[in-house]
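Peer 1: Take this sequence and fold it.
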Amino acid sequence: MKVETYSILGPLLITPSIFEDERGHFFESFSKALFQQHGINSEFVQDNQSLSQKGTLRGLHFQAPPFDQGKLVRVSRGRVIDIIVDIRKSSPTYGQNITVELSDKNKQQLWVPPGFAHGFSVIEDNTIFQYKCTQYYNKTSEGGVIYNDNTLALDWKIENPIVSEKDLILPAFKNFNSPFI
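Peer 2: The predicted model follows:
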């Protein structure tokens, strides 16, 4: 397993060791011991999965404390552009983002610690997106930032995204009051 860090402290890009032969391939998508060696000491309590069509955009979402979630995200079929934004007020990288392509071909995973808004755009039909969460879903702690915020200027790599009504009414970043210190 290869683990890469970013200039933004906390998130990690994880590339598993893949074993291939004429039958196909095998890799460990999660090993508590290996992840702990790289500072991911969280306990995962819930797994989620979504199926989306090309052009779908989900995000930018988070759960506020005390129900804040860390997420380990990956794509088991298809391809997405995954974007996270640092929303920790005291962070020197507040408002900065990380963009990564996750796919069934590269098998990479992104560790998204609490304090980040998360979203993804789907660039292949029938994409299956999976994530392990460190906290149970809590509707009252949901929050987010509008995906097409001018201040953030995120490149989702799709035109005319399919976005839920709920995501269309999220606040702009300049009007956003982060619950993360």
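
Peer 1: how close does the residue nearest to residue 10 when sequence neighbours are not counted get to residue 158?
Peer 2: Among residues not flanking residue 10 along the chain, residue 113 sits closest, at 4.2 Å (CB to CB, 6 or more residues apart in numbering). Backbone N, C-alpha and C define where each C-beta goes, glycine included. From residue 113 across to residue 158, the span is 26 Å (CB to CB, to the nearest Å).

Peer 1: Settle it for me: which of the two has more neighbours?
Peer 2: Per other CB atoms under 10 Å, whichever of residue 113 and residue 158 has more neighbours is residue 113, with 20 against 15.

Peer 1: how about the strands in this protein?
Peer 2: Ranges of strands in the chain, per DSSP state E, are 2-5, 12-15, 19-21, 24-26, 46-52, 57-63, 71-77, 79-86, 97-103, 109-112, 116-122, 127-133, 142-144.

Peer 1: Give me the sheet partners of the last one and which way each runs.
Peer 2: Within its sheet, and counting by DSSP bridges, strand 142-144 is paired with strand 57-63 (antiparallel).

Peer 1: what angle do the partner strand and strand 116-122 make?
Peer 2: If you take axes from the mean of the first three to the mean of the last three CA atoms, to 10 degrees, strand 57-63 sits at 160 degrees to strand 116-122.

Peer 1: What about this protein, which residue is the most distant from its middle?
Peer 2: Most distant from the centre of the chain: residue 22, at 32.4 Å, with distances by CA atoms, centre = their mean.

Peer 1: which residues touch that one?
Peer 2: Contact analysis of residue 22 by CB atoms under 8 Å, 6 or more residues apart in numbering lists nothing.

Peer 1: With residue 106 as the reference, measure out to it.
Peer 2: For residue 22, the distance to residue 106 equals 21 Å [CB to CB].

Peer 1: One more: residue 162?
Peer 2: Residue 162 sits 24 Å away from residue 106 when distances are taken as CB to CB.

Peer 1: Confidence-wise, which helix or strand of the protein is lowest on average?
Peer 2: Of all the helices and strands that make up the chain, the one with the lowest confidence by mean pLDDT, DSSP states H and E is helix 32-37; it has a mean of 85.

Peer 1: Any buried residues in it, and which?
Peer 2: By 16 or more other CB atoms under 10 Å, the buried positions in helix 32-37 come out as residue 35.
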